[in-house]
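Student: this one's structure only:
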């Protein structure tokens, strides 16, 4: 499916996660954000040898813990009990974020409210009146990994494109996103261009009509 | 000097007074020193500035300190959670001040305090609301924000065990902020499951050297 440029049906969430998983290079160190990106781990194969990082101080994170494996001292960034894989390592918070900020992670996958054509990311705050802001590790992750990929639905509930010319939501990181996986298209942001790698359940022209930035086939 | 071995959680936190800045370890509930926080609640200290990744969960630990309006200011990265109702209420009532800090900057500001660093330029937050009013600089074509250390009067930390020299080992992801917080406070107060004799922790396994630890209290543990 990864090589297909068009499909008649939109991608399901699992198909999106599967495509992201297939694109992660073998042996990579990866941080998966909370929400949709977490699902990517279900499609990584043992052969890929990918090591998962969790911001709260662990490399080598295994699947979600169940039953007797649940340990309150072993949780992921979403505060869900997880397991450790052979070769796992624990470290304190400053080391964990130095790992991100220092460019040691190969890929991080995040959710988003909006992305600009320049790769600016908004995913931490809607800016809504009365909303209590919370940022967590979003800003560190966005600018820290060698590659920042986003998984999101391309359109809001009211049909507006989340891929925009300039952000209207508060910025998380500037110029950091290089790839966007959505249910209708996969985009690559390169050399100040928005490239379309594939379209799903929509034609290129229909997509261009709905997205307010200039698109080019990859 | 070897740390003081406190007789109880109440004894361990007895020196914390009104207006103190207190670093509290933990990411969610993992590594949160619940018994020390309960003792702080009982000791009555108020107008506290608290530094923690979160702003309390449900009806335990830090959440109760906030519920009782003992925290005048919180410095954290992720206050809003599904079960942060005590913080939400205090914040909406204008009864707690919030300084929101990206998580990596929070950790590095604490580390800087412990390492005697007066400030550092970080790319995290550049160009965002959380860098407004802060000095910025472009270094080798990349934007950075000047962040300053977070010093504290006390740190409340949970570790797995200590020896009588105060050397600490932690457990899994409960380590989180503990090692850096221990370095950044004038007095680091640590609750552990057990205190063991000097020499029984392999020096290669010590995560926090005892130089950073001022008070230890053994509270037993299930594990």
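Tutor: Thanks, I have it. Predicted model only: the values in this text are computed from it and were never measured. Numbering: from 1, shown residues only, chains lettered A, B, ... in the order given.

Student: What segments of the chain are strands?
Tutor: Went with chain A since none was named. Secondary structure of chain A (DSSP state E): strands located at A:6-7, A:29-32, A:51-54, A:58-64, A:82-90, A:107-110, A:114-116, A:121-122, A:147-151, A:163-164, A:177-181, A:185-190, A:193-200, A:215-217.

Student: wrong one, I was asking about chain B
Tutor: All strands of chain B, identified by DSSP E, fall at B:4-5, B:21-24, B:48-51, B:71-76, B:97-100, B:120-122, B:136-139, B:142-147, B:152-158, B:161-163, B:168-169, B:185-192, B:194-196, B:215-218.

Student: picking that back up, nearest to residue B:39, of the strands of chain A?
Tutor: Residue B:39 lies closest, by CB to CB, to one member of these: strand A:82-90, at 27.1 Å. Placement of C-beta: from N, CA and C, glycine included.

Student: That closest one: partners in the sheet, and parallel or antiparallel?
Tutor: Sheet pairing of strand A:82-90 (DSSP bridges) gives strand A:58-64 (antiparallel).

Student: Tell me which residues of the strand it pairs with come out buried.
Tutor: A:58-62, A:64 (16 or more other CB atoms under 10 Å in any protein chain shown).

Student: want to try a markdown table for the residues you listed, with pLDDT as columns?
Tutor: Listed next are those as a markdown table, based on pLDDT from 0 to 100:
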| residue | pLDDT |
| --- | --- |
| A:58 | 98 |
| A:59 | 98 |
| A:60 | 98 |
| A:61 | 97 |
| A:62 | 95 |
| A:64 | 94 |
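
Student: what's the farthest-apart pair in these?
Tutor: Across those, the longest distance by CB to CB is 17.1 Å; it joins A:59 and A:64.

Student: what about residue 201, how many residues close to it?
Tutor: Looking at chain A here, since you left the chain open. Around residue A:201 there are 15 other residues, counting by other CB atoms under 10 Å in any protein chain shown.

Student: Not quite, go with chain B.
Tutor: 19.

Student: residue contacts, it?
Tutor: Residue B:201 sits next to B:161, B:163, B:167, B:169 when contact means CB atoms under 8 Å, 6 or more residues apart in numbering or on different chains.

Student: From those residues, pick the one nearest residue A:85.
Tutor: residue B:169 (21.3 Å).

Student: Distance-wise, check the closest one relative to residue B:81.
Tutor: Taking CB to CB, to the nearest Å as the measure, residue B:169 falls 29 Å from residue B:81.

Student: now residue A:210
Tutor: 35 Å.

Student: higher neighbour count, the two?
Tutor: Per other CB under 10 Å, whichever of residue A:210 and residue B:81 has more neighbours is residue B:81, with 20 against 15.

Student: The more buried one: what's it in contact with?
Tutor: A:134, B:54-55, B:57.

Student: now residue B:146, which residues is it bridged with?
Tutor: On the basis of DSSP bridges, residue B:146 takes part in beta bridges with residue B:121.

Student: Contact partners for the closest residue to residue B:19 other than its chain neighbours?
Tutor: Leaving aside its chain neighbours, residue B:19 sits nearest to residue B:47 (4.8 Å; criterion: CB to CB, 6 or more residues apart in numbering or on different chains). Residues in contact with residue B:47 (CB under 8 Å, 6+ apart) are B:18-19, B:70, B:72.
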